[in-house]
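Asks: Output the structure for:
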Amino acid sequence: MSSIVPMPSAPHRRSRPPRSAPPLAPEGSVAGVPSPGVDWTAIALELGMRLRAARAARGLTVAALAASADLSRRFLTDVELGKANLSLQVLARLAAALHLDLAALLTPAAPARPGAAPQRWRVHSLVDQLPDHALDEARTRLEEIAATQPSPHRFALIGLRGAGKSSIGRAVARRCKLAFIELDHEVEARAGMPLADLFTLHGESYYRQLERETLETLLVDERPLLVATGGGIVAAPETYALLRRRFVTVWLKATPEEHWNRVVEQGDSRPMQGQPAAMARLREILAERAPLYRLAHHVIDTSALGEAGSAEQLATLLQGAR
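Replies: So this is what the prediction gives:
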């Protein structure tokens, strides 16, 4: 049987053992050679997070993935925390164990925000340190925090009738490719009757109940939304708090005279019927609700800007928020 005969070593040279992969270089350098703009620590953290997310998506424990990739559990934990040196061979074994393409594993789906990876890695590392009995509590707390953050794809217009919520909102929604919903129309559909009949037959408390239930149904709508709310939603504390927690809110502000003129121009005199001092009452309502309207995330003065200027500012605001 033939055999392969090794070539003799070069004279006066010692054979060297294979070198292990160099440790992660400090930020801005590779093995001591300056490399401006490359943050190797952030890269290791990002890769570790991607591996951990892929493992969790497949319902694998650290021990199970380590066994499948022929790695130690401790080493895999270090990999997921961004602490380990990784060779392409090890990455290929991990990708195969996770049924992923190696190139896809190394290529992020979207650029990460600057500085975001270390904070997210820190949260992941804290979760890994928690005992099993504390995970439910941690998840509940994180869900509570997430619920207080308005969605950047869900917006709501507030303000008295005549503020331009319908006309401005519909035009801007079309321009920004958002679904436009008038909350009161959804309440009417839920009740199976016009608002006037709803108030007459069941009163305001029942309307407020339906308003809250209707708003809650919109929270599971995954489409980008722009919602025009009823003028009195701010007078329902729990519903308004929910709106501000889950929607980016915008107050379309106007003077009492503007509100009056716009409602009359629309041919709707119901708010003024049987009230000789209707304008005085309108001023009182606006004064009472103004402190609540000011709690909105943004304010657009429609009296100062006009309809076209207000629409332009609202479109700019919504596009920037997304």
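Asks: nearest residue to Gly231 other than its sequence neighbours?
Replies: Leu160 (4.5 Å; CB to CB, 6 or more residues apart in numbering). Bear in mind the C-beta positions are built from the backbone N, C-alpha and C, glycine included.
Asks: Report the contact partners of that neighbour.
Replies: If a contact means CB atoms under 8 Å, 6 or more residues apart in numbering, then Leu160 has Gly231, Ala254, His259, Leu282, Ile285, Leu286, Arg289 as its contacts.
Asks: Hmm, Leu47 is touching Gly82, no?
Replies: Yes - if you go by CB atoms under 8 Å, Leu47 and Gly82 touch, sitting 7.3 Å apart.
Asks: Comparing these two, which residue is more hemmed in?
Replies: Gly82 (25 against 21; other CB atoms under 10 Å).
Asks: Tell me the secondary structure at the more buried one.
Replies: When the structure is reduced to helix, strand and coil (DSSP: H, G, I helix; E, B strand; the rest coil), Gly82 reads as coil.
Asks: Which pLDDT does the model give the closest residue to it other than its chain neighbours?
Replies: Distances taken as CB to CB, 6+ apart put Leu45 closest to Gly82, at 3.7 Å, once the chain neighbours are dropped. Model confidence at Leu45, expressed as pLDDT, equals 78.
Asks: before we move on, what about Gly169?
Replies: 94.
Asks: Could you list every helix and strand that the helix or strand it falls within packs against?
Replies: According to DSSP states H and E, Gly169 maps onto helix 165-176. Using 3 or more CB pairs under 8 Å, 6 or more residues apart in numbering; DSSP states H and E as the contact test, the elements touching helix 165-176 are strand 154-158, strand 179-182, strand 225-228, helix 302-321.
Asks: Tell me which of those is the most buried.
Replies: Greatest average neighbour count among those goes to strand 154-158 (a mean of 26), per mean count of other CB atoms under 10 Å.
Asks: contacting residues around that strand?
Replies: Residues outside strand 154-158 that contact it (CB under 8 Å, 6+ apart): 163, 165, 168-169, 178, 218, 224-229, 231, 233-234, 243, 246-252, 293, 296, 318, 321.
Asks: Pull out the buried members of the residues you listed.
Replies: Burial by neighbour count, 16 or more other CB atoms under 10 Å: within those this picks out 163, 165, 168-169, 178, 218, 224-229, 231, 233-234, 243, 246-252, 293, 296, 318, 321.
Asks: Outline the domain layout of this protein.
Replies: For the chain, the structural domains run 34-144, 154-266+278-321, going by automatic domain parsing.
Asks: Check those domains for me: which has the lowest mean pLDDT.
Replies: Within these, confidence is poorest for domain 34-144, with a mean of 75 (mean pLDDT).
Asks: so how far is it from its chain's centroid?
Replies: Mean C-alpha position of domain 34-144 versus that of the full chain (CA atoms, centre = their mean, to the nearest Å) differs by 22 Å.
Asks: Start the count at 518 instead of 1 going forward.
Replies: Noted, 518 is the first residue going forward, which turns the last one into domain 551-661.
Asks: how many degrees apart are the lengthiest helix in the chain and strand 671-675 in direction?
Replies: The helix of greatest length in the chain, counted in residues with DSSP state H as the criterion, is given as helix 712-735. For helix 712-735 and strand 671-675, the angle between their directions (axes from the mean of the first three to the mean of the last three CA atoms, to 10 degrees) works out to 150 degrees.
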